[in-house]
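Enquirer: Fold the following and give me the result.
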Amino acid sequence: MRKLAFIVFLAVLLAAFCPPASAEEKAAKKGTENLPWDKAAISLGSFISSTDSNIRLSAKGLGVGIDVEEALGLDTTSTVFRLGGTGAFPTT
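Expert: I've put the predicted structure just below:
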């Protein structure tokens, strides 16, 4: 019961602070409608992933271990690059 009361208290506390933050953000953004970065943006990034998958099949102490990447001829690391952009069309 105490845990539920604590969760409800946290939810009410967070909800009480959300509207002022939202109003503050709107007031800060009011004077920035015509800035150049509001019309276009470019983003660049990369992601490096490493995997190591092993499967072990065993019964009563006897078993076989399989390295999935080696068995299927897969790379253990991969790199992905990302280039993105956004733009705003003029409104009349």
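Enquirer: what's the burial count for the residue nearest to residue 40 when sequence neighbours are not counted?
Expert: Of all residues not flanking residue 40 in the chain, residue 87 sits nearest, at 4.8 Å (C-beta to C-beta, 6 or more residues apart in numbering). Heads up, the C-betas are built off the backbone N, CA and C, glycines and all. Residues near residue 87, counting by other C-beta atoms under 10 Å, number 8.
Enquirer: contacting residues around residue 87?
Expert: For residue 87, the contacting residues are 39, 40, 41, by C-beta atoms under 8 Å, 6 or more residues apart in numbering.
Enquirer: which one among the residues you listed gets closest to residue 65?
Expert: Lowest distance from residue 65 to those (C-beta to C-beta) belongs to residue 41, with 48.1 Å.
Enquirer: re earlier: and the residue nearest to residue 40, what pLDDT?
Expert: Here, the pLDDT recorded for residue 87 equals 78.
Enquirer: Against residue 51, how distant is it?
Expert: 36 Å (C-beta to C-beta, to the nearest Å).
Enquirer: Repeat that for residue 8.
Expert: Relative to residue 51, and taking C-beta to C-beta, residue 8 is found at 42 Å.
Enquirer: those strands in the chain, which residues are they?
Expert: Counting by DSSP state E, the chain has strands at residues 40-50, 54-59, 62-67, 77-87.
Enquirer: about what we covered before: just send the contacts of residue 87 back as a markdown table, with neighbour count too.
Expert: Output for the contacts of residue 87, formatted as a markdown table (neighbours: other C-beta atoms under 10 Å):
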| residue | neighbour count |
| --- | --- |
| 39 | 12 |
| 40 | 10 |
| 41 | 12 |
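Enquirer: closest to residue 69 among those?
Expert: residue 41 (37.1 Å).
Enquirer: neighbours around the spatially closest residue to the closest one that is not a sequence neighbour, how many?
Expert: Spatial nearest neighbour of residue 41, chain neighbours left out: residue 86 (4.9 Å); criterion: C-beta to C-beta, 6+ apart. Residue 86 has 9 neighbours, counted by other C-beta under 10 Å.
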